[in-house]
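J.: Predicted model and sequence follow; I will ask about them next.
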Amino acid sequence: MYNNNNSTPSSSSSSETGDSVRSSVFNPSEPLRQPRTYPPVAESSSESQGFSTFFNSGYLNSSSTALKSSDSLVKNSKLSAAAPEFVPSAYASYQNDVYSDGSEGCYAEASLADLVQDFVSHLTTSPGSFEVEIDYITDTLNSWVTTEETLQELVELIYTQSTSVPNFSYTGARLCNHLSHCISLSPSSGNFRQLLLQRCRTEYEQRDQAVKGDETTQKKYHSYVLFLGELYLNLEVKRGKGAPERAVVLLGALKDLLNALFSHPDDPNLICAVKLLKLSGSILEDTWKEKGKSDMDEIIKKIEEILLDARCSRDVRQMLLKLVELRSSNWGRVYTAALSNDATPDNDPNYFMNEPTFYTADGTPFTAADPEYSEKYQEILDREDYFPDTYEENGNESFCGEDDEMDPEIEEAFERFCMESEMKGK
């Protein structure tokens, strides 16, 4: 066996060696180290003495103190096992904070402003869903708008959204047109369309001050001008049994707004005027011409005077020049083509639009509009040896050249192929 002095094992029999190994494993010379969480135990104490020392070290005293404390809590508690429900102490104050408005439910009742905001957000992100959603939007708003006050609030909300939300002026104008025909409430103060036009008139009367205002005031005024242009193009007014017409009152308003912009020709005002004329210039000019007026000529003359003055920046000057050029080309519109039965190469510029394109022997393209079309087309027929009698009456080819002799080179190549095939076969 191993001695206490860690000397080498003695040379004894194998049985003594095995006893020595078992003795060294199961009977260590030193006691095991106690866990760090336990108090140290004396080496000479017995197992029972070690446990008594552990409980007497303070753990038992702390446990008994905790038990006494829990007993006092149970005796003084107001909780009852027979209570119908358990309500935490802080629950009442939380409820008071959430439902301080006295309403029932987790959230406050939605308002008309929230409803309009949701509709506008949806139509802004999905403008293509207008036709699908407009009936639902109208029915919902009709259920809300039941008093004169709510109707005026609805007009103000839609006007504000149409002039403040980017890229919503067009959809807002379409929405206004639909609601002007479908909102059922019509009090003595005016229906939806009349209240909307009254709201627009408020901004119209401030045009002379707005064009000279600061950047924020001008930006608000420009949004209003562009929305009014969209409203003129989309708002329909029904008079009797005739077809709907545009709001004539807006026609004169747009001219006055343009004159106000040109009266203070700084860059932001001129850019707004260019945008409005690109949007509605062709319709405005057509309407003025129908009434025998030359208002568009006056507007273009003012633009030319501004260009001669050259107070605007180079980019804005270029925009004005492009606008004058656009108007000289009839606002980029193409004249309506003549009817198919009346169309000729002289009165219809699109007469030869769908004709096929051919190519001469040298690769020059030509169509039916070419003056030498007949001669060139005949040359193609002669070159391709294309004759109508190559087809039989039933549409099958007659193969007129079946009995023709082979070309010498082709015949020689064919004979060589036959000889090589015969040799491979042998």
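T.: Noted; the coordinates are in hand.
J.: Helices along the stretch 201-350 of the chain, start to end?
T.: Ranges of helices in the stretch 201-350 of the chain, per DSSP state H, counting those that start in this stretch, are 207-210, 215-234, 248-263, 267-290, 295-309, 314-328.
J.: what's the average pLDDT for the longest one?
T.: Confidence for helix 267-290, expressed as mean pLDDT, is 94.
J.: Please write out the alpha-carbon positions of that helix in PDB.
T.: The C-alpha trace of helix 267-290 is given here as PDB (Å, rounded to 0.1, in the frame of the first residue of the first chain):
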ATOM      1  CA  ASP A 267     -39.100  82.000 -58.200                       C
ATOM      2  CA  PRO A 268     -41.600  80.100 -55.900                       C
ATOM      3  CA  ASN A 269     -44.600  82.000 -57.300                       C
ATOM      4  CA  LEU A 270     -43.500  81.500 -60.900                       C
ATOM      5  CA  ILE A 271     -42.900  77.800 -60.300                       C
ATOM      6  CA  CYS A 272     -46.500  77.500 -58.900                       C
ATOM      7  CA  ALA A 273     -47.900  79.300 -62.000                       C
ATOM      8  CA  VAL A 274     -46.000  77.000 -64.400                       C
ATOM      9  CA  LYS A 275     -47.400  73.900 -62.500                       C
ATOM     10  CA  LEU A 276     -50.900  75.300 -62.700                       C
ATOM     11  CA  LEU A 277     -50.700  76.100 -66.400                       C
ATOM     12  CA  LYS A 278     -49.300  72.700 -67.200                       C
ATOM     13  CA  LEU A 279     -52.100  71.100 -65.200                       C
ATOM     14  CA  SER A 280     -55.000  73.000 -66.600                       C
ATOM     15  CA  GLY A 281     -53.800  75.400 -69.300                       C
ATOM     16  CA  SER A 282     -55.300  73.500 -72.200                       C
ATOM     17  CA  ILE A 283     -58.700  73.300 -70.500                       C
ATOM     18  CA  LEU A 284     -58.600  76.900 -69.500                       C
ATOM     19  CA  GLU A 285     -57.800  78.100 -73.000                       C
ATOM     20  CA  ASP A 286     -60.500  75.900 -74.600                       C
ATOM     21  CA  THR A 287     -63.100  77.300 -72.200                       C
ATOM     22  CA  TRP A 288     -62.000  80.900 -72.700                       C
ATOM     23  CA  LYS A 289     -62.100  80.500 -76.500                       C
ATOM     24  CA  GLU A 290     -65.600  79.000 -76.300                       C
END
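J.: Pull out the buried residues from it.
T.: Within helix 267-290, the residues that qualify as buried are 268-285, 287-288, counting by 16 or more other CB atoms under 10 Å. C-betas here are computed from N, CA, C, even on glycine.
J.: sorry, back to before: ok, which of the helices of the stretch 201-350 of the chain comes nearest residue 189?
T.: Across the helices of the stretch 201-350 of the chain, residue 189 has its closest neighbour in helix 248-263 (17.8 Å, CB to CB).
J.: Direction-wise, compare that closest one with helix 267-290 and give the angle.
T.: Interaxial angle, helix 248-263 versus helix 267-290 (axes from the mean of the first three to the mean of the last three CA atoms, to 10 degrees): 140 degrees.
J.: buried ones in helix 248-263?
T.: Neighbour-count burial for helix 248-263, counted by 16+ other CB under 10 Å, picks out 250, 251, 253, 254, 255, 257, 258, 259, 260, 261, 262.
J.: Show me what it is packed up against.
T.: Helix 248-263 sits against helix 192-204, helix 207-210, helix 215-234, helix 267-290, helix 295-309, with contacts defined as 3 or more CB pairs under 8 Å, 6 or more residues apart in numbering; DSSP states H and E.
J.: Which other helices and strands does the fourth one contact?
T.: When contacts are defined as 3+ CB pairs under 8 Å, 6+ apart, helix 267-290 packs onto helix 215-234, helix 248-263, helix 295-309, helix 314-328.
J.: how about CSV for these, with mean pLDDT added?
T.: Putting the helices and strands packed on helix 267-290 into CSV (pLDDT from 0 to 100) gives the following:
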stretch, mean pLDDT
helix 215-234, 95
helix 248-263, 94
helix 295-309, 92
helix 314-328, 93
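J.: Single out the most deeply packed of those helices.
T.: Most buried of the helices and strands packed on helix 267-290 by mean neighbour count (mean count of other CB atoms under 10 Å) is helix 215-234; its value is a mean of 20.
J.: can you redo the helices and strands packed on helix 248-263 as a markdown table with distance to residue 163?
T.: Listed next are these as a markdown table, based on distance: least, CB to CB, whole Å:
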| stretch | distance to residue 163 |
| --- | --- |
| helix 192-204 | 8 |
| helix 207-210 | 12 |
| helix 215-234 | 5 |
| helix 267-290 | 13 |
| helix 295-309 | 23 |
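J.: how about those helices, which one is nearest residue 329?
T.: Closest approach to residue 329 among those is made by helix 267-290 (10.7 Å; CB to CB).
J.: quick one, that closest one and helix 215-234 angle?
T.: 20 degrees.
J.: what residues does helix 267-290 touch?
T.: Helix 267-290 is contacted by residues 211, 215, 218-219, 222, 225-226, 229-230, 232-233, 246, 251, 254-255, 257-258, 261-262, 294-296, 299, 306, 312-313, 316, 319-320, 323, 326-327, 330-331, 333 when judged by CB atoms under 8 Å, 6 or more residues apart in numbering.
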